[in-house]
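Undergrad: for reference, the sequence and a predicted model appear below.
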Amino acid sequence: MKIIFAGTPDFAAEALRALAENGHDIALVLTQPDRPSGRGMKLTPSPVKVLAESLGIPVETPATLSLKKDPEGAAAMHEKLRNINADLLVVAAYGLILPEPVLNCAHGIGKAGDIKAINIHASLLPRWRGAAPIARAIEAGDAETGVTLMKMELGLDTGPMVLVEKTKIADDDTHLSLTEKLARIGAELLIKALEKPGDLECTPQPEEGVLYAEKLLKSESRIDWNASAKVIARRMRAFTPFPGLQFEYRSNPVKVWQADAHEWPSDAAPGTVLKADDALLVQCGEGALSMAILQRAGKPRMPAHSAIQSLGIQPGDTLK
């Protein structure tokens, strides 16, 4: 099958690799432009671009596909996509809005022949439509999530469903571990769908249960000690590595890399340090948070006891 692929992060690279390994003709890859990354802020290609180039697949990195933002450039790209005469456009965490000419650039598959663009979405739609479905599912304490293959339309993740597969969210799942799990499921589901493309049918998403997974913001990294310890621990797993979770002690920002919630009877105010030894135990709105790995600004990650000593944290101190 002749395919145009659009994706950017590791989640998408897993699907691209599966398409290549299963013999599909990937005519072109669209991915986001190289971005500054790391301490040196060196321009770095996306994981999808790295993989595509290693496979010898042509790559385009348009900054936009919108005719309003770039009339000449977008029009040229739309024409290029049409001229490929692809059977299908496959999208996975691309990160750019796709206008109608792009969504309709392929011939289409399915029983009705109208599935021209298919998206690999990392949630059980209609729950967690939007930019950050994996993080929001962990943050909310969902017991399960999954992958939905959906026919793309102009609405934000509103298209009818083609295939769905569920999976449990483990108590120790992090954003990284769950992303890896869902990437594998998504790739397998895509290959399954393309084994018999003429048999695919679409089912409208349920009208009930719609939730939006808002984009993660840097401002969400500050710990709210009035929240329960369980909620804070979930946020740590959901927000690592970005935006991370941090507190402030005497104007020193400290990032949390490993933490667990504990039942801990105490009348102390939220944010109060209860213990400061091998771990840092802090009172929350309900329960206490035990932090095992911390990181001071400009320093490497370290065991909590090392951070406690270097900062001089004592029981009874207040964290902000």
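TA: Yes, it's here. Numbering: from 1, shown residues only.

Undergrad: which residues of the chain fall in helices?
TA: Taking DSSP state H as the criterion, the chain carries its helices at 10-21, 47-54, 71-83, 100-103, 133-140, 175-195, 229-239, 304-311.

Undergrad: and these: which comes nearest residue 216?
TA: Smallest distance to residue 216 across the helices of the chain (CB to CB): 5.8 Å, for helix 133-140. Just so you know, the C-beta spots here come from the backbone N, C-alpha and C atoms, and that holds for glycine as well.

Undergrad: mind listing what's buried in the closest one?
TA: Neighbour counts over helix 133-140 (16 or more other CB atoms under 10 Å) mark 133-140 as buried.

Undergrad: what does stretch 195-206 give?
TA: Across stretch 195-206, burial judged by 16+ other CB under 10 Å covers 197, 200, 202, 205.

Undergrad: next one: stretch 258-277
TA: Buried residues in stretch 258-277, defined by neighbour count with 16+ other CB under 10 Å: 258-262, 264, 268, 270-274, 276.

Undergrad: coming back round to it: let me know the closest of the buried residues of stretch 195-206 to residue 152.
TA: Closest approach between those and residue 152, by CB to CB: residue 202, at 11.0 Å.

Undergrad: nearest residue to the closest one other than its sequence neighbours?
TA: Counting by CB to CB, 6 or more residues apart in numbering, residue 202 lies nearest to residue 160, which is 3.6 Å off, once chain neighbours are set aside.

Undergrad: what residues are up against that neighbour?
TA: Contacts for residue 160 (CB atoms under 8 Å, 6 or more residues apart in numbering) come out as 150-151, 202-205.

Undergrad: low-confidence ranges, this structure, go.
TA: For the chain, no stretch is flagged by pLDDT under 70.

Undergrad: quick one: contacts of stretch 207-226?
TA: 123, 126-133, 135-137, 156, 232, 235, 239, 242-248, 256, 270-271, 282-285, 319.

Undergrad: first-to-last residue distance for that stretch?
TA: Its first and final residues considered, stretch 207-226 spans 34 Å by CA to CA, to the nearest Å.

Undergrad: and that stretch, how far out from the chain's middle?
TA: Relative to its parent chain, stretch 207-226 has a centroid offset of 13 Å by CA atoms, centre = their mean, to the nearest Å.

Undergrad: verify the contact between residue 289 and residue 259 for me.
TA: Yes: using CB atoms under 8 Å, residue 289 is in contact with residue 259, at 5.5 Å.

Undergrad: what residues are shared contacts of those two?
TA: 232-233.

Undergrad: coming back round to it: can you list the buried residues of helix 133-140 in JSON lines and add distance to residue 220?
TA: Shown next, in JSON lines, are the buried residues of helix 133-140 (distance: CB to CB, whole Å):
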{"residue": "133", "distance to residue 220": "16"}
{"residue": "134", "distance to residue 220": "15"}
{"residue": "135", "distance to residue 220": "10"}
{"residue": "136", "distance to residue 220": "11"}
{"residue": "137", "distance to residue 220": "15"}
{"residue": "138", "distance to residue 220": "13"}
{"residue": "139", "distance to residue 220": "9"}
{"residue": "140", "distance to residue 220": "14"}
